[in-house]
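Asker: generate coordinates for the sequence data below:
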Amino acid sequence: MPQNNHYNDNVKCVIPISGGLDSSVILFYAKYGYIENRFNDIYCISFDYGQRHIRELECAKYQAKQAECKDHTIIDIKFFKDIASISSLTNQDIDVAKTRDVLGDPQTVNYVPFRNMMMLSIACAYAESVKADVVFHGAAQVDSQAGYWDGSKEFIDEINNVTALNRRQRIKIEAPLIDKSKKEIIEMGIEYGVDFKHTHTCYEGEEAGCGECTACSSRLKGFIDAGEIDPISYSNRIDWETYLQK
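Answerer: From the prediction side, this is the model:
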């Protein structure tokens, strides 16, 4: 496990963790790999917004415990399910989009309207309350490529412009995965000791990944590109030996 030897007294951060692969890597990056400071306290926050894949929160609890976070709070915002009902992740009547369905689609039905903005706003409020300097956002390169505008560099820049207006405390939102491919994120996770078996990615919400939704496809490609076997189970058989020999 790498050791972070950069110290600054009383440095804190808030990390929204979903229980997914990216936010789990962010968590362990903040603990072991952040080059500017070693955080004295890491506060984790997760959200129950009525998502189809609610089982991800069990993985969030596991990762927060493994990282020995100062606190892990799960916020109940299930009201959001009713006002953001055009997404497949909050509306069971809408089928989760598969990768084959979204080619050329500028914004898929898997997008949840303004979810990231709301969650980051809550995370910033929490950060100000606990006097944290940094809020991490788990957006990755693939998010903006998939049409998620609230996972783009432009979004991060603009929301930092908003938080800079705060007269009491300057809270910086950082997205260290924003330029990284899924392969690079997985390699980071391996370096920092992330237990990928306890991460949940599939939008369908079942225990085993479907292997076909956009989230599963991205995850599978990342592991294949990294030359690693994904430790989670999938409902359809994945021929890892064939994939990893290519």
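
Asker: which pLDDT does the model give residue 149?
Answerer: Model confidence at residue 149, given as pLDDT, is 85.

Asker: number of residues surrounding it?
Answerer: As a burial measure, residue 149 scores 15 neighbours (other CB atoms under 10 Å). In short, each C-beta sits where N, CA and C put it, glycine included.

Asker: show me the contacts for the closest residue to it other than its chain neighbours.
Answerer: Nearest residue to residue 149 in three dimensions, chain neighbours excluded: residue 155, at 6.1 Å (CB to CB, 6 or more residues apart in numbering). Contact analysis of residue 155 by CB atoms under 8 Å, 6 or more residues apart in numbering lists 116, 117, 139, 149.

Asker: how about residue 190?
Answerer: Contacts here follow CB under 8 Å, 6+ apart; on that basis residue 190 touches 226, 228.

Asker: what helix or strand does it sit in?
Answerer: Using DSSP states H and E, residue 190 sits in helix 182-192.

Asker: re the thing from before, beyond the host helix or strand of the residue nearest to residue 149, next helix or strand please.
Answerer: Using DSSP H and E, residue 155 sits within helix 153-163. Next in sequence after helix 153-163, counting helices and strands by DSSP H and E, comes strand 172-174.

Asker: how distant is that following strand from the center of its chain?
Answerer: Taking CA atoms, centre = their mean, to the nearest Å, one finds strand 172-174 lying 15 Å from the centre of the chain it belongs to.

Asker: helices or strands next to it in the packing?
Answerer: strand 134-136, helix 153-163 (3 or more CB pairs under 8 Å, 6 or more residues apart in numbering; DSSP states H and E).

Asker: what is the burial count for residue 58?
Answerer: By other CB under 10 Å, the residues close to residue 58 number 12.

Asker: again, but for the one 4 residues further on
Answerer: A count of nearby residues for residue 62, using other CB under 10 Å, gives 17.

Asker: what's the following helix or strand after whatever helix or strand it lives in?
Answerer: Counting by DSSP H and E, the element that carries residue 62 is helix 56-66. Later in the chain than helix 56-66, the nearest helix or strand by DSSP H and E is strand 71-76.

Asker: so how far is the following helix or strand past that following strand off the chain centroid?
Answerer: Later in the chain than strand 71-76, the nearest helix or strand by DSSP H and E is helix 79-83. Its chain's C-alpha centre and that of helix 79-83 lie 20 Å apart, by CA atoms, centre = their mean.

Asker: extract the C-alpha trace of the next helix or strand after helix 79-83 and format it as CSV.
Answerer: Per DSSP H and E, helix 79-83 leads on to helix 115-130 as the next helix or strand towards the C-terminus. Once non-C-alpha atoms are left out, helix 115-130 reads as follows in CSV (Å, rounded to 0.1, in the frame of the first residue of the first chain):
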residue,chain,number,x,y,z
ARG,A,115,-28.4,14.6,-10.0
ASN,A,116,-24.8,15.5,-9.7
MET,A,117,-25.4,19.2,-9.2
MET,A,118,-27.8,18.4,-6.3
MET,A,119,-25.5,15.9,-4.7
LEU,A,120,-22.5,18.1,-5.0
SER,A,121,-24.5,21.0,-3.4
ILE,A,122,-25.4,18.8,-0.5
ALA,A,123,-21.8,17.6,-0.2
CYS,A,124,-20.6,21.2,-0.2
ALA,A,125,-23.1,22.1,2.6
TYR,A,126,-21.7,19.1,4.6
ALA,A,127,-18.2,20.2,3.8
GLU,A,128,-18.8,23.7,5.2
SER,A,129,-20.4,22.3,8.3
VAL,A,130,-17.4,20.0,9.1
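
Asker: pLDDT of helix 115-130, averaged?
Answerer: Mean predicted lDDT for helix 115-130 stands at 95.

Asker: please identify the buried residues of that helix?
Answerer: By neighbour count on 16 or more other CB atoms under 10 Å, the buried set for helix 115-130 is 115, 116, 118, 119, 120, 122, 123, 124, 126, 127, 128.
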